[in-house]
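Trainee: just coords:
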Ligand SMILES: Cc1cc2nc3c(=O)[nH]c(=O)nc-3n(C[C@H](O)[C@H](O)[C@H](O)COP(=O)(O)O)c2cc1C
Ligand code: SF4
Ligand code: FES
């Protein structure tokens, strides 16, 4: 063994050194030696059931599975000589005897690991003449997943994913021996927010996607690597289009971010991109109350004039825009228009991210997602991550159940993390701050919980409920982190949220996290000013204020009262209907640029579609407006914007765009596998010649091209696109900056329950709600109330109740749940119930009565 | 709960309590459900899942693995004729054929009157009595086809039959209950199979250092394979 | 005339009427060894004793028991002892009789194993189909608790031991130790990936000693009389006696306990010889063991291995000329297919395929290439399956085809089974046999004298003499 602890071994005569404990199959792969496999998946524990990866190891009587054999000093391994090749052929013959070989009608055809590996390692023919095993075909085990047991090779990947990764044990192995099959229980569907991953890792066509079934052949797809546009985790994924329509999204692996997984929202909620009501041309309010289509020239001039005349201007941006957009918006507002009334917090209005400055130096995370796995202990104060940041939930689950971290959850109601948390602090709503402080050093409440907070510690905080005053609890969380010099994971809601903060689309923060002396108005204050008629113009970028701001009425009044409103949007939202000028924007699948995720990691998007009509990139719209307002930025491409960012934003000085781009595969990956050798040098199905048609030929490992084989070579790809985390700014403030907290509106007669809310994964948002696939699994609205309160108020589980504030009334079915008395929870925006219609000011209180 | 009620609920809980890790109660609980419903019903699996904090699918996965846990209604008497080497070579095929004719059902089927379920079994560890069979898991040895048929006749005639080991043949529900509860000690439990209240199990070992119980509902995530 | 050497089976043979009761058992010295171990020997001394005896596991693998025990980490708690009483290997019925006839010997052995390995809890995984066995175990455990041999502070020491009787539910693979553990934990009974081995991480991830019923029943003798006493029988590599389950076309099918190293010929003689004199094939170690055709081999681990087979669980099946070897292969392979857990490809698909081919041959639809195909299928499983069940299936299949290829070819050529009708014959069924076949059966729980089972006239006059 060498002094750096690595062991030296030879594989197919090639010497390699690897750290002990690593699996042969991975080490071989990095040498470009592909060991065929079905059950092995780098993201899950080895089970060694398919026996496809058997290799010859000198001194071993039996062949050993490379997927379950750790490297050892002096090991001599061979994957290409007689014995191993025999085993590979034999195993494939066995696997094929009961496989229907219905490739021509199978979605997997052309990107099927079973096909691929049969070409490469299998026998030419089968000697099996008996009838094959048959099952009822195509079972719909959920509205998203279809199961065909005849095609299954029983690699257990889906079952292991459900058990090990997602914790949704709804899909299992049933019966035994040759009758073994994958199945769900009776009428209980495979009800998981992550079910789509099983489709992607299924090495055959046994699990297929209902939305994608029979839609396309892999070689007819145009594919680009991108980043999910929904939540702040920022999972890398592919956008795959056929004939200029987005037909499929699949996870790209990044060992730093999402391992190998994405949630079903990221995978199935892309339909809005090519929905028929996309805004395609600028609209200007005409004489009569309708909109007139206009040219960009006319529309932009109208906006520029309005902005010039407007005394005071407010600028509000949403959370789904790129870092480039953010920079452009910040610059337009603060430098060109010259207003500090700019904010990007809508759904999370008022969330005091700037408090983080005093912990990690940045107004955001000092921890990475990988830090969670190194942590001895984790504190969670925030929303239910399974609903709002699904893949973060997976990372937390892995940290606790796999890496043994201790998890302390502080929450007034049961959230998904409780299932495996080491300690749950169920504190009364409103007392979270106190509960968090109690975890600090020296305190003994709750004793065992604080005792379990060993180093390294990661404190996670995110705005837990729209419309609540988060300042105190945030401050407590930050203080805990500071006191324990823990790392901090700040969890803003959306894919673009952190980018907005980094680029200074914030009343108190300038680009590069500089805290300014005279902060401007935040979203709430801007809207109040507008409603009071104190605002000359309102500029809105990709935000549905009426639908998303936790006080729908205030938003509506503001829009009505404001003399001029311009909205840059994808889709006709209610906010759009109030606009004077509407400018069509582009969707993530249509654009170049970057997203900055909740660990401040910057990752790159590549376009697969061309935008509809004349829709424009928001950053370009900003640049044009600036030009018309006499401020020339000279941008033509996203790269130009990035250069400018590098030049003018201290933290981003050294962030190279190319560093973000797809790294080309290691040269070792010229696929020197067993196949070529044992067929005497002829490369029949080498990756190059692998895909008969079109743009999918060429090196197989570049994501977005020749994808299929790379399915089985993911271990590499996980390291391909790490992204970049810019450094925290120097000279961070010592103490937490003070945030003044708005006094809650006094509850009026009868309102006694504090209204908690939060987004469900599939909600009524104008993007998700356009997913045909997810409509079937979207939850109905509900009112969660504590048993004690239910008894007091005469509410019973399942019965309808009326929830009322002076904002209005809603009828909802009651769910009696684990929530601390004195508070109720309703989902923020499920069809039929919009919580923000009930919300008035901060910490809305409501009354509830049986319907 | 509709399957595990009253006494059986108490038994179910006592069974769960026997094991350091509640999931170990899987098989006894399924036998208990079978003793109540006659076979392992969907409802039975749902309730076992509730008791163990699992999904019904996880219970199905285990239940479907074992031949003694029945997926369809069973006759009062389950006749299992050994079909393995020694018995086959000693004439089991003729015995099986004779039983099939006598009962008029194929292996795996139940007579219309619900008295008998006929099945073939793998080696019952009774090769010294080949060809042999079990009726509700009591052994019968050295059977000619005529012996086997006579045996069925006697049971049908309501005679109490005793195995070659002097054991009274119980009904399938009775033997399922015994299998579920044998060795179970519930103070004051009426069930003869488990009446004795002796010793009582020491909880100590399982609270000894090093023991860390799994998080309920998360068993599935433990290292497998 | 060959003699038995009764060590493990002595008590149940000498007292066929009540050997399983605690009164009889304690009169006969039961629990003296456990008491001696717990009150006078240190755990290490016991481990050393068992090591020195050279006792090898009786469950099939033949792994030295003392060595296995010495892998158990000292400082990790809790630890468990698990008794493998899932006896399912076709042809084997020794554990069944030991438990039915002498359950206290097993508990005696469990106590010794638990003390030696520092376990306070033992689980008996009792095959689901063993109704009487589990009744006798349950009664015996209760009696032992009553006597203070189990529970807190046994034999007045400060050592606690509890035994939980756990029933299987019908799956041969659960006899495989790691599958047994998964089954006991409430999962599907499928073998685990090893390492880690049960001794390090077994039941609930804790150090666990798994031993076969017969292995444990052998311990009291060793602890009472010492390693040398045990080594007086058997060979250097296979010391002691072994209970052989003899069945098939012999005059007196039953369990016979003989010193390891006894020749198959003597074993056959013990069983009264072949019913019609002639011998065709022998399964020397359960269905998993490759066939032999001659009795000229010693029954011990190493000799049988040299002869190309194995001792396995010690189940010896003798077959005469009435046996159709294609059917033998079919029945055996059907067994492995039926009992395959389905986890790994070669066992799951290979046994499925082989059964289909064998069935065709047996029913006159064989093809000339089928014999080679069967051998290829065997090769495709052998050494590649996840656990030894797959290997075993391939060994049995291969030896049937290799040794009796001509018979397979006759099936193909004649397009029928040449044995049709022939092997339905009952001389064996009416054989009067000595006390052993049903020894340990005496009065049932209910205290009634055993009724002759339906249609069976067991002449017990022999027992009287
Ligand atoms: C497929 C298979 C079935 C087995 N069945 C049994 C069994 O029924 N009883 C048993 O004691 N051992 C059985 N074994 C052996 C066990 O795995 C294990 O080796 C044994 O119980 C260890 O105890 P011992 O060392 O006392 O023999 C089986 C092994 C395999 C691979
Ligand atoms: S060989 Fe494979 S399929 Fe067969 S029993 Fe073992 S693990 Fe299961
Ligand atoms: S056994 Fe290694 S990949 Fe399946």
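Mentor: Nice, thanks for sending it over. Quick caveat: nothing in here was measured; it's all calculated off a predicted structure. Ligands and ions are numbered 1, 2, ... in the order given.

Trainee: so which helix or strand takes in residue 26?
Mentor: Just so you know, I chose chain A. helix A:24-30 (DSSP states H and E).

Trainee: wrong one, chain C
Mentor: Under the criterion of DSSP H and E, residue C:26 resides in helix C:22-27.

Trainee: Buried residues in the very next helix or strand once past that helix, which are they?
Mentor: Remark: after helix C:22-27, the chain's next helix or strand is helix C:32-40, criterion DSSP H and E. Buried residues in helix C:32-40, counted by 16 or more other Cβ atoms under 10 Å in any protein chain shown: C:33-38. C-beta here means a position set from N, CA and C on the backbone, and glycine is covered the same way.

Trainee: Helix C:32-40 packs against which elements?
Mentor: helix C:103-117, helix C:213-225 (3 or more Cβ pairs under 8 Å, 6 or more residues apart in numbering or on different chains; DSSP states H and E).

Trainee: Could you tell me what pLDDT the model assigned to residue A:226?
Mentor: Here, the pLDDT recorded for residue A:226 equals 91.

Trainee: Can you check my assumption that it lies in a helix?
Mentor: No: counting by DSSP: H, G, I helix; E, B strand; the rest coil, residue A:226 is not found in a helix; it is strand.

Trainee: quick one: it and residue A:608 touch, right?
Mentor: Yes: at 7.3 Å, residue A:226 and residue A:608 qualify as touching, with contact defined as Cβ atoms under 8 Å.

Trainee: overlap in contacts of these two?
Mentor: Counting by Cβ atoms under 8 Å, 6 or more residues apart in numbering or on different chains, the shared contacts of residue A:226 and residue A:608 are A:239, A:589.

Trainee: residue ranges of the strands in the stretch 451-600 of chain A, please?
Mentor: Taking DSSP state E, counting those that start in this stretch to define them, one finds strands in the stretch 451-600 of chain A at A:457-461, A:487-490, A:509-510, A:514-515, A:537-541, A:564-569, A:581-584, A:593-596.

Trainee: Tell me which of those sits nearest to residue A:137.
Mentor: strand A:593-596 (40.2 Å; Cβ to Cβ).

Trainee: What helices and strands are in contact with that closest one?
Mentor: Partner elements for strand A:593-596 (3+ Cβ pairs under 8 Å, 6+ apart): helix A:323-331, helix A:497-502, strand A:602-605, helix A:638-648.

Trainee: Which of the ones you listed has the highest mean neighbour count?
Mentor: Among the helices and strands packed on strand A:593-596, the stretch with the highest mean neighbour count (mean count of other Cβ atoms under 10 Å in any protein chain shown) is helix A:497-502, at a mean of 30.

Trainee: Mind listing residues that contact that one?
Mentor: For helix A:497-502, using Cβ under 8 Å, 6+ apart, the contacting residues are A:232, A:317, A:319, A:321-323, A:325-326, A:329-330, A:344-345, A:348, A:353, A:362-364, A:490, A:492, A:506, A:509, A:511-513, A:594-598, A:600, A:649, A:651-652, A:726.

Trainee: filter those residues to the buried ones?
Mentor: Counted by 16+ other Cβ under 10 Å, these give A:232, A:317, A:319, A:321-323, A:325-326, A:329-330, A:344-345, A:348, A:353, A:362-364, A:490, A:492, A:506, A:509, A:511-513, A:594-598, A:600, A:649, A:651-652, A:726 as buried.

Trainee: Pick out the residue in chain C sitting closest to ligand 3.
Mentor: residue C:344 (7.8 Å; Cβ to the nearest ligand atom).

Trainee: Quick check: closest non-adjacent residue to that residue.
Mentor: Counting by Cβ to Cβ, 6 or more residues apart in numbering or on different chains, residue C:344 lies nearest to residue C:386, which is 3.7 Å off, once chain neighbours are set aside.

Trainee: Tell me if I'm right that the one you found and residue A:49 touch.
Mentor: Yes: the pair residue C:386 / residue A:49 is scored as a contact, 6.3 Å apart, by Cβ under 8 Å.

Trainee: what is in contact with these two at once?
Mentor: C:343-344.

Trainee: Reduced to three states, what does the residue nearest to residue C:344 come out as?
Mentor: coil.

Trainee: Over to it: give its phi and psi.
Mentor: Phi and psi for residue C:386, reported as degrees, to the nearest 10, are phi -70, psi -40.

Trainee: Below-threshold pLDDT in the stretch 1-150 of chain A: ranges please.
Mentor: Applying pLDDT under 70 to the stretch 1-150 of chain A flags the ranges A:1-3.

Trainee: any chance of the strands of the stretch 451-600 of chain A in a markdown table, plus mean pLDDT and distance to residue C:325?
Mentor: Shown next, in a markdown table, are these (pLDDT from 0 to 100; distance: least, Cβ to Cβ, whole Å):
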| stretch | mean pLDDT | distance to residue C:325 |
| --- | --- | --- |
| strand A:457-461 | 97 | 67 |
| strand A:487-490 | 97 | 69 |
| strand A:509-510 | 95 | 85 |
| strand A:514-515 | 90 | 88 |
| strand A:537-541 | 98 | 82 |
| strand A:564-569 | 98 | 80 |
| strand A:581-584 | 98 | 80 |
| strand A:593-596 | 96 | 70 |
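
Trainee: Of those strands, which is nearest residue C:98?
Mentor: strand A:457-461 (56.8 Å).

Trainee: so where do the helices sit in chain B?
Mentor: Using DSSP state H, the helices of chain B run over residues B:6-17, B:26-37, B:42-52, B:56-63, B:85-89, B:92-103, B:145-156, B:172-181, B:204-207.

Trainee: ok, residues contacting the second one?
Mentor: Which is helix B:26-37. Residues contacting helix B:26-37 (Cβ under 8 Å, 6+ apart): B:3-4, B:8, B:11-12, B:15-16, B:40-41, B:43-45, B:47-48, B:51-52, B:59, B:62-63, B:66, B:68-70, B:173-174, B:176-177, B:179-181, B:184, C:166-169, C:183, C:186-187.

Trainee: Please, a ChimeraX command that selects the buried ones among those?
Mentor: Buried residues within these, by 16+ other Cβ under 10 Å, are selected in ChimeraX with:
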select /B:3,4,8,11,12,15,16,40,41,44,45,47,48,51,52,59,62,63,66,68,69,70,173,176,177,179,180,181,184 /C:166,167,168,169,183,186,187
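
Trainee: Run through the contacts of helix B:26-37 and flag the ones next to chain A.
Mentor: The overlap between the contacts of helix B:26-37 and the neighbours of chain A (Cβ under 8 Å from any Cβ of the partner chain) comes to B:45, B:59.

Trainee: Going by secondary structure, residue C:82 is in what exactly?
Mentor: strand C:80-85.

Trainee: Kindly reformat the helices and strands packed on strand A:593-596 as TSV containing mean pLDDT.
Mentor: Shown next, in TSV, are the helices and strands packed on strand A:593-596 (pLDDT from 0 to 100):
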stretch	mean pLDDT
helix A:323-331	98
helix A:497-502	98
strand A:602-605	94
helix A:638-648	94
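
Trainee: closest one to residue B:108 among those?
Mentor: That would be strand A:602-605 among the helices and strands packed on strand A:593-596, by Cβ to Cβ, at 57.3 Å.

Trainee: Return the list of helices and strands in contact with that closest one.
Mentor: Checking 3+ Cβ pairs under 8 Å, 6+ apart, strand A:602-605 ends up next to strand A:222-227, strand A:593-596, helix A:657-660.

Trainee: quick revisit: just the helices and strands packed on helix C:32-40: most buried one?
Mentor: It is helix C:103-117: most buried of the helices and strands packed on helix C:32-40 by mean count of other Cβ under 10 Å, with a mean of 28.

Trainee: by how many degrees do that helix and strand C:80-85 diverge?
Mentor: Interaxial angle, helix C:103-117 versus strand C:80-85 (axes from the mean of the first three to the mean of the last three Cα atoms, to 10 degrees): 150 degrees.
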